[in-house]
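Trainee: got a predicted structure here, sequence first:
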Amino acid sequence: MAATPASQNTAITGGAKSSRSLPSRVVPPIELPAPVAELARGGAAQLGWSGVVLPEMTMLGRKVTVVARLRTDVHAERIAMGIGPVTDRATVDTWTWPELASSAPGSAAEIIGVLAVGRHWRTAMASAVPFARYGEAAMVLPSPSTLTEDYVANCLPRARAYGLAVITADPNGVIDFDLEGRTERMLLAEDPVSRWVNEMVYAELLATTEVPADVE
């Protein structure tokens, strides 16, 4: 006897409920093998970045760790002029205006590089890329997150295109290179964004490190 529409719907619905009731395999998230600050210091050392590894900070909506040095001569000049770090973006934007550029204070921080520490490459890359347009940038990832087809097929080509270095940390926190950064890429010239980032780093340097007495 042919099935009625009602019986057909019952069969289909029942099948869907049965499929939804099947237990699914839950994959635990990959965790960082050490605190962000420790991984950032290890990454900076692996990259040969010599400078102060600042605490993780949020800039442009991204969490990053900056390695930088204080330009003591520029800092001394700014102290003499009474111009400390300026973190208001609207004010810093005016420093690149043609009529004000000549009187704008100098950049007092030398940014060696920017690190993004993340559990997944997509998150870390989204954080690092805005800063890769201006200088050295890298990602620090747990080594298990690099053992996937997604990482090989999607992360590595994008990292090469952006010039990002990739550092891995194994479950014991041992740091190693997975991809060296590319230094011959085209970088953007100084603009309002890079000036503001420099001021943010300048402020963090003064808050984090001891400044020589002769430039205070």
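Mentor: Arrived safely. The structure displayed is predicted, hence computed values, not measured ones. Residues are numbered from 1 along each chain as shown.
Trainee: which parts of the chain are helices?
Mentor: Defined through DSSP state H, the helices belonging to the chain, from first to last, are 5-20, 36-47, 72-81, 89-93, 121-132, 149-150, 156-162, 192-208.
Trainee: buried sites along the second one?
Mentor: Residues 36, 38-44, 46-47 are the ones in helix 36-47 that count as buried (16 or more other C-beta atoms under 10 Å). Every C-beta, even on glycine, is put in place using the N, C-alpha and C of the backbone.
Trainee: pLDDT weak spots in the protein?
Mentor: For the chain, residues meeting the criterion pLDDT under 70 lie at 1-28, 183, 210-216.
Trainee: tally of neighbours for A68?
Mentor: Other residues near A68 come to 24 when the count uses other C-beta atoms under 10 Å.
Trainee: what of S103?
Mentor: Using other C-beta under 10 Å, S103 has 7 other residues around it.
Trainee: from W97, how far off is it?
Mentor: According to C-beta to C-beta, to the nearest Å, S103 and W97 sit 10 Å apart.
Trainee: over to S143?
Mentor: Relative to W97, S143 is positioned 47 Å away (criterion: C-beta to C-beta).
Trainee: again with G42
Mentor: Relative to W97, G42 is positioned 41 Å away (criterion: C-beta to C-beta).
Trainee: still on that earlier bit, D170 is nearest to which of the helices of the chain?
Mentor: In this view, those are compared for proximity to D170 by C-beta to C-beta, and helix 36-47 is the closest at 11.1 Å.
Trainee: roughly how far is the closest one from the heart of the chain?
Mentor: 13 Å (C-alpha atoms, centre = their mean, to the nearest Å).
Trainee: same question for stretch 89-103.
Mentor: 26 Å.
Trainee: what's the span of that stretch from first residue to last?
Mentor: Taking C-alpha to C-alpha, to the nearest Å, stretch 89-103 runs 17 Å from one end to the other.
Trainee: can you give the contact residues for it?
Mentor: Residues outside stretch 89-103 that contact it (C-beta atoms under 8 Å, 6 or more residues apart in numbering): 86, 104-105, 190-192, 195-196, 199.
Trainee: would you mark the buried spots in that stretch?
Mentor: 92, 95.
Trainee: ok, now stretch 187-199?
Mentor: Under the neighbour-count rule (16+ other C-beta under 10 Å), stretch 187-199 has 193-199 buried.
Trainee: quick check, nearest of those residues to Y151?
Mentor: Looking at the buried residues of stretch 187-199 and their distance to Y151, the nearest is V197, at 28.2 Å (C-beta to C-beta).
Trainee: find the nearest non-adjacent residue to that closest one, please.
Mentor: M59 (5.9 Å; C-beta to C-beta, 6 or more residues apart in numbering).
Trainee: measure that neighbour to A90 for me?
Mentor: Shown here: M59 relative to A90, a distance of 16 Å by C-beta to C-beta.
Trainee: ok, P33 next?
Mentor: Here the distance between P33 and A90 works out to 41 Å (C-beta to C-beta).
Trainee: again with A207
Mentor: Going from A207 to A90 by C-beta to C-beta gives 22 Å.
Trainee: ok, the closest residue to E77 other than its chain neighbours - contacts?
Mentor: Closest residue to E77 in three dimensions, ignoring its sequence neighbours and counting by C-beta to C-beta, 6+ apart: G106, at 6.7 Å. If a contact means C-beta under 8 Å, 6+ apart, then G106 has 71, 74, 77-78 as its contacts.
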